[in-house]
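Enquirer: 3D, please:
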Amino acid sequence: MKTVLNSITAVILASTLVACGSSSSDDSSDTSTPVTEVTGFSYDATDLIENVTEQVIVDGYEMLNSKATVLHNATLTLLENKNETALAAAQQAWKDARVFWEQGESHIFGPVDSLSIDPHLDTWPLNTADLEALLASNTTFSADNVKNFDDGVQGFHTMEFLLFGNGVEDNDKSIDEMTVREMEYLIACAEVFNIHTQSLVDAWVISANADDEPAYKDYLLTPGNDKYSSELGVIEELVNGVIGIVDEVGNGKIAEPFGTSKDTADTSLVESQYSWNSLTDFSNNIVGVQNVFLGTFSDENDSPGLKAFINAGDAELAAKVETQISAAIAAIDAIAGADDMPFRQAIKDDAGRVRIQTAIDALGELQATLEEEVVPLIKEWNL
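Expert: Residues are numbered from 1 along each chain as shown. As a prediction, the model looks like this:
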């Protein structure tokens, strides 16, 4: 049941006029002000918006950019040393950068969309035919060249393929399997990747698109502009963002390769299949939802997130959403089972498919709650 925080009931005024006379009396009349009840809840979202913008979105993109720099440096070290240690370090650097990108998919709006940074960094599926052709050609692999390549042969998944191999039998590419040509392409991709992550940070904290345009964060922090007319628009953006990624994970990233049976399961649709990082990706997507909901990357920050807004209108609903987010993350993490099965194998395994269906169901329940209960709650907010 929703908590009504702001209820106004008009006072009913009644007066009866009695006139005394000989044999006649004046007409008396009662006038009443109709009862007017305004329901809804009040909440000042200023701190919430500031916290999620600065401590979740901007901090997350800055961490992504920092990890991208580490990744680029690791690829340079790999070419210089050409040994298993350097390769393992570059592989781990790729995974570390992936964490903050996947968590950031809970708020794919603003410059990451308008500057086409999303497709530059994370186009899937990878165009392996063109990638192999480039590796076999005499093309010079420099950042300037790679930046002009099609999105299908740069970004996360190109680097993933070069670092981990094709992922069919294993994700443990050895240094002996990696050519100098692949290392050179990897370095150029990592440099371009880092350029894009820096552009993303700059767009949020310096200028959204041009020198005369404010930092994108300012649009959220000072609503009443051509992007967000009020705090309501910002809250709607945040809610729509988390709904979008919950839908994408449950109905796209997981359900599409899962198919309707083992016979229709399609491993070619599995994202991050070369590194066997798919389940970690999916989990981090929903951890990103949790970050926006709680307003924090860790327990150390108790500043407000969407939970505070929902709690102001309906405490039971806030608790429900929090429980469902945790349940969805746990269900995704459980897909691997005791044998730590990669997702591309789990979709072809009977027991694995049962665990996957549990995760799909958990994500569906979370999505339904967000769409059917949280979105209507926004309409009850008295700004």
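Enquirer: all contacts plus neighbour counts: C-alpha atoms, from now on.
Expert: OK.
Enquirer: for the residue lying closest to W204 once chain neighbours are set aside, which residues are in contact?
Expert: Once flanking residues are discounted, W204 sits nearest to Y216: 4.6 Å by C-alpha to C-alpha, 6 or more residues apart in numbering. By C-alpha atoms under 8 Å, 6 or more residues apart in numbering, Y216 lies in contact with 110-111, 203-208.
Enquirer: give me the below-cutoff pLDDT ranges for the stretch 151-300 of the chain.
Expert: For the stretch 151-300 of the chain, the stretches with pLDDT under 70 are 299-300.
Enquirer: which parts of stretch 360-375 are buried?
Expert: Neighbour-count burial for stretch 360-375, with 16 or more other C-alpha atoms under 10 Å as criterion, is recorded at 360, 362-367, 369-370, 374-375.
Enquirer: format those residues as a markdown table; extra columns: secondary structure.
Expert: Listed next are those as a markdown table, based on DSSP: H, G, I helix; E, B strand; the rest coil:
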| residue | secondary structure |
| --- | --- |
| I360 | helix |
| A362 | helix |
| L363 | helix |
| G364 | helix |
| E365 | helix |
| L366 | helix |
| Q367 | helix |
| T369 | helix |
| L370 | helix |
| V374 | helix |
| V375 | helix |
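Enquirer: show me which pair in the residues you listed is furthest apart.
Expert: The span of the buried residues of stretch 360-375, defined through C-alpha to C-alpha, is set by I360 and V375 at 21.2 Å.
Enquirer: from the chain's centroid, how far away is stretch 74-88?
Expert: What separates the centre of stretch 74-88 from the centre of its chain is 31 Å, taken as C-alpha atoms, centre = their mean, to the nearest Å.
Enquirer: how far does it stretch from one end to the other?
Expert: From its first residue to its last, stretch 74-88 covers 9 Å (C-alpha to C-alpha, to the nearest Å).
Enquirer: so which bits of it are buried?
Expert: 74-79, 82, 86-88.
Enquirer: mind picking the two most distant members of the contacts of Y216?
Expert: The most widely separated members of the contacts of Y216 are G110 and I206, with 13.5 Å between them, by C-alpha to C-alpha.
Enquirer: now D263: phi and psi?
Expert: For D263, the backbone dihedrals (degrees, to the nearest 10) come out as phi -70, psi -30.
Enquirer: tell me the contacts of it?
Expert: Taking C-alpha under 8 Å, 6+ apart, we find D263 in contact with K348.
Enquirer: returning to what we had before: as a markdown table, the buried residues of stretch 74-88 with pLDDT would be great.
Expert: Formatted as a markdown table, those follow (pLDDT from 0 to 100):
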| residue | pLDDT |
| --- | --- |
| A74 | 98 |
| T75 | 98 |
| L76 | 98 |
| T77 | 98 |
| L78 | 98 |
| L79 | 98 |
| K82 | 98 |
| A86 | 98 |
| L87 | 98 |
| A88 | 98 |
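Enquirer: for N148, state which of these is nearest.
Expert: Once C-alpha to C-alpha is applied, the member of the buried residues of stretch 74-88 that ends up nearest N148 is T75, at 20.2 Å.
Enquirer: next one: that closest one from F161, what distance?
Expert: Per C-alpha to C-alpha, T75 is found 14 Å from F161.
Enquirer: contacts only, for the residue positioned nearest the centre of the chain.
Expert: Taking C-alpha atoms, centre = their mean, the centroid of the chain lies closest to S106, which sits 1.3 Å from it. By C-alpha under 8 Å, 6+ apart, the contact set of S106 is 241-242, 244-245, 285-286, 288-289, 292.
Enquirer: try 10 Å
Expert: By C-alpha atoms under 10 Å, 6 or more residues apart in numbering, the contact set of S106 is 57, 238-246, 284-292.
Enquirer: which helix runs longest in the protein?
Expert: helix 180-205 (DSSP state H).
Enquirer: pull the CA atoms of the next helix or strand after that helix into CSV?
Expert: As assigned by DSSP states H and E, the chain's next helix or strand after helix 180-205 is helix 216-221. Provided in CSV are the C-alpha atoms of helix 216-221 (Å, rounded to 0.1, in the frame of the first residue of the first chain):
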residue,chain,number,x,y,z
TYR,A,216,26.4,16.9,-19.7
LYS,A,217,26.2,16.4,-15.9
ASP,A,218,25.1,20.0,-15.6
TYR,A,219,21.9,19.2,-17.5
LEU,A,220,21.0,16.7,-14.7
LEU,A,221,22.2,18.8,-11.8
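Enquirer: in helix 216-221, what's buried?
Expert: By 16+ other C-alpha under 10 Å, the buried positions in helix 216-221 come out as 216-221.
Enquirer: likewise stretch 238-256?
Expert: 238-251, 253-256.
Enquirer: now the terminal residues of it, how far apart.
Expert: From the first residue to the last, stretch 238-256 extends over 26 Å; the measure is C-alpha to C-alpha.
Enquirer: do the same with stretch 52-64
Expert: Termini of stretch 52-64 sit 16 Å apart (C-alpha to C-alpha).
Enquirer: run the chain-centre distance for it.
Expert: Distance of stretch 52-64 from the chain centroid (C-alpha atoms, centre = their mean) equals 12 Å.
Enquirer: and the strands in this structure?
Expert: Along the chain, counting by DSSP state E, strands occupy 41-42, 381-382.
Enquirer: so for E182, which of the ones you listed sits nearest?
Expert: Closest to E182 of these, according to C-alpha to C-alpha: strand 381-382, at 54.8 Å.
Enquirer: quick one: average pLDDT of the closest one?
Expert: For strand 381-382, mean pLDDT is 93.
Enquirer: swap in stretch 131-146?
Expert: Regarding stretch 131-146, the rounded mean pLDDT is 97.
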